[in-house]
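J.: Requesting a structural model of the entry that follows:
(one chain, ligands or ions: 1)
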Amino acid sequence: MIPRADALASLERDEFDLVVVGGGITGAGVALDAASRGYSVALVEKSDFAAGTSSRSSKLIHGGLRYLQNFDLGLVREALLERSLLVKLAPHVVKPLPFIVPTFGGKRPDRMMGVGLNMYDVMSWRRGRDESEEWSPERHRTIDGAEVLEFVPSLAGREPTAGYLFYDCQTDDVRLVLTVLSEAERFGAVIANACDVTGLVERDGRAAGVLVRDTLAGGEFELCADNVINATGVWADRLRPEELYSEEEVPRIRPSRGTHLTLPRELLDVRAGAIVPAGGGRTVFVLPWLGRTLVGTTDNDYEGDVDHVPPSADDVAYLLKAVNGFFGTDVRAGQLTGAYAGVRPLISTGDPKKSVDISRRAELYETSSGLVTITGGKLTTWRRMAKMAVDRIVERDGRDAPCRTHEIQLGEPVDPGSLPELTGVDEEGRRHLAERYGHAAQLVLRLAEADRQLARRISPELPDIAAEAAYAAGHEQAHSVADVLLRRTRLGLLDAQRLCEPDAEGPRVVAEAMAGQLGWDAARSQRELEGWQEVARAEGLVPEAAAVATAAAAPAATPAEAARSAAPAADEPAPTAPGAAPEEAA
Ligand SMILES: Cc1cc2nc3c(=O)[nH]c(=O)nc-3n(C[C@H](O)[C@H](O)[C@H](O)COP(=O)(O)OP(=O)(O)OC[C@H]3O[C@@H](n4cnc5c(N)ncnc54)[C@H](O)[C@@H]3O)c2cc1C
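T.: Numbering: from 1, shown residues only. Alright, predicted model coming up:
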């Protein structure tokens, strides 16, 4: 990425065909789509890239088996085709992941589940596809108990009888956003974070740009552009509420929180995704992710600050109860390596009878100033959402500029074996760098070669190295320790317990590496370390064990649980017979 200072100079000086507001996956996709069709594009993000929902997902690139249960076939098929395309376009960022639905006590796998998986297989198939070109998962199959245990060793105590094995895909959501942004930049888009859009610039009642506040240096400027696309996710109705709400049929956003936990793999060892019943017909995912086990998610109304969304003690207790019940474990809140939460934009028309959940459906609307807003959808379907929004602008402009993103490679994969060997960076470390950066891993290693201190691990159990913090500060517009720990590496989610200790070494290693790039003195580095602790507290990365224990001891049907079972989670996996968890249905 170009340095932020250069991007800002261009944003203040130049005029653009299009400005995109919001640097999550939707905004990144819109920037890439428009830039690759020949538009001059600016993208501004108020916080950090992917700081909103796009860093807080379940990290799945999936069709969403659950939606089959609602006969939402179009949505599933669309997402499955996107899944296949993304594995082809970004093989180092989007990877197949096996999933297991086990059965116990001599039961055979549930037939309804088998029917659903058959449909899932069929729907992921595109007629006329070139098999050598496109990724396609193996068909689902039934496996015996021994094979279930190879995929999910933590089920040993429960002696599974059999199970279904099927495939979906997994990613690092932030890395997907950064990869798409880098490609947009390659097509000429100018991109900057820490740029808060505070209003529209209007000419003759039409949007002609945005007012931008530089949240790092202070000061405000006008960014001139012929078109404005609002891709601010759960913030979408804050940009121009009076315009959005005075016009017909524009829905209101009602945020809903989803919580995830991370655990040491030794505590809960899964090598494939497991689908775990959570009571009330609901299920949660238990997934291997970046060396830890990831558990999620929940779904309930959220009225707090959407800039920092902490997991609630109720949610943590709910997830632990589901996991402990299924695996026969006794994992406690104090043993978690971290926790995080994100908000989905649930949309309501204002009429309670017309309330709809569009968190997985993309919603596009154009209001009187010409502002185009795109929200909802899924991480998986970003490319289609971007196409929808840019098609609208192209149509309005009467241009002949077809979408090209289905053929644009995202980043450049690299063979870990081809990366230079460096003392301190072992094979696992090189594989980790290749998977995260693709070819750009060379640049990270070059930094570590020039300064051997940068070959150090940030946290002892995970392969991320200090050079990544230096690279993030120098090449990826990271400005704070929190940017690096939460969104360039994912250590803030994977190892929060350790990194939030008062004298933790990891944040210090990151601050030192960033200081070298950004010219921080000792006092500034100290302030940055304090800033990290504040963010970690506001985000609730380390759940309070006592509060979780109290929530767990509360009577079973808390209002939160009742709300959850009434409204199925948008990203929840499981289809079986309607209303039945896999095991219950078996
Ligand atoms: C718990 C949970 C789990 C999920 N799991 C999955 C999954 O596994 N797979 C899947 O496909 N989907 C999943 N999703 C859905 C997916 O994460 C979202 O659909 C997607 O990330 C939304 O991206 P976005 O860019 O629209 O919004 P965001 O990522 O929230 O981006 C909006 C951006 O706009 C910025 N912004 C806001 N206001 C302004 C302003 N005034 N000026 C400048 N910038 C501004 C914000 O800072 C933010 O970065 C999940 C969602 C949740 C909540």
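J.: C169 pairs with what?
T.: Using DSSP bridges, the bridge partners assigned to C169 are I61, P96.
J.: hang on, it packs against F99?
T.: No. Judged on CB atoms under 8 Å, C169 makes no contact with F99 at a distance of 10.3 Å. C-beta here means a position set from N, CA and C on the backbone, and glycine is covered the same way.
J.: List the buried residues for stretch 72-85?
T.: 72, 75-85 (16 or more other CB atoms under 10 Å).
J.: same question but for stretch 37-53, I mixed them up
T.: For stretch 37-53, by 16+ other CB under 10 Å, it's 37, 39-53.
J.: can you give me the end-to-end distance of it?
T.: 27 Å (CA to CA, to the nearest Å).
J.: Around the ligand, which positions in this structure sit nearby?
T.: Neighbours of the ligand within the chain, by CB under 6 Å from any ligand atom: 21-27, 44-47, 51-54, 56-60, 196-197, 231-235, 239, 258, 297, 342-344, 375, 377-380, 571.
J.: which stretches of this structure aren't confidently modelled?
T.: For the chain, the stretches with pLDDT under 70 are 127-134, 245, 247-251, 346-360, 556-586.
J.: how about a cut-off of 50?
T.: The chain contains residues with pLDDT under 50 at 353-359, 558-586.
J.: domains of it?
T.: 4-54+175-252+355-407, 60-171+253-347, 416-539 (automatic domain parsing).
J.: Show me which of the buried residues of stretch 37-53 is closest to the ligand.
T.: Checking those against the ligand by CB to the nearest ligand atom gives G52 as the nearest, at 2.4 Å.
J.: Show me the helices in the stretch 201-350 of the chain, by range?
T.: 241-246, 313-327 (DSSP state H, counting those that start in this stretch).
J.: Please identify the deepest-packed of those helices.
T.: Among these, helix 313-327 has the highest mean neighbour count (mean count of other CB atoms under 10 Å), at a mean of 22.
J.: Need the CA coordinates for it. CSV is fine.
T.: Coordinates of each C-alpha in helix 313-327 appear next as CSV, following Å, rounded to 0.1, in the frame of the first residue of the first chain:
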residue,chain,number,x,y,z
ALA,A,313,-20.6,-12.6,29.8
ASP,A,314,-23.9,-14.3,28.9
ASP,A,315,-22.7,-15.1,25.4
VAL,A,316,-19.4,-16.5,26.7
ALA,A,317,-21.2,-18.7,29.2
TYR,A,318,-23.6,-19.9,26.4
LEU,A,319,-20.8,-20.9,24.1
LEU,A,320,-18.8,-22.6,26.9
LYS,A,321,-21.9,-24.5,27.9
ALA,A,322,-22.5,-25.7,24.3
VAL,A,323,-18.8,-26.8,23.9
ASN,A,324,-18.5,-28.4,27.3
GLY,A,325,-21.8,-30.2,26.9
PHE,A,326,-20.8,-31.6,23.5
PHE,A,327,-17.2,-32.5,24.1
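J.: Which strands or helices does it pack on?
T.: strand 252-264, strand 273-279, strand 282-289, strand 292-296, helix 545-553, helix 559-566 (3 or more CB pairs under 8 Å, 6 or more residues apart in numbering; DSSP states H and E).
J.: tilt between that helix and strand 252-264?
T.: Interaxial angle, helix 313-327 versus strand 252-264 (axes from the mean of the first three to the mean of the last three CA atoms, to 10 degrees): 50 degrees.
J.: circling back: to W135, which of the helices and strands packed on helix 313-327 lies closest?
T.: strand 273-279 (17.3 Å; CB to CB).
J.: Which neighbouring elements make contact with that closest one?
T.: For strand 273-279, the packing partners by 3+ CB pairs under 8 Å, 6+ apart are strand 94-103, strand 282-289, helix 313-327, helix 582-585.
J.: Tabulate those (JSON lines), appending distance to I191.
T.: Formatted as JSON lines, the helices and strands packed on strand 273-279 follow (distance: least, CB to CB, whole Å):
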{"stretch": "strand 94-103", "distance to I191": "22"}
{"stretch": "strand 282-289", "distance to I191": "27"}
{"stretch": "helix 313-327", "distance to I191": "34"}
{"stretch": "helix 582-585", "distance to I191": "43"}
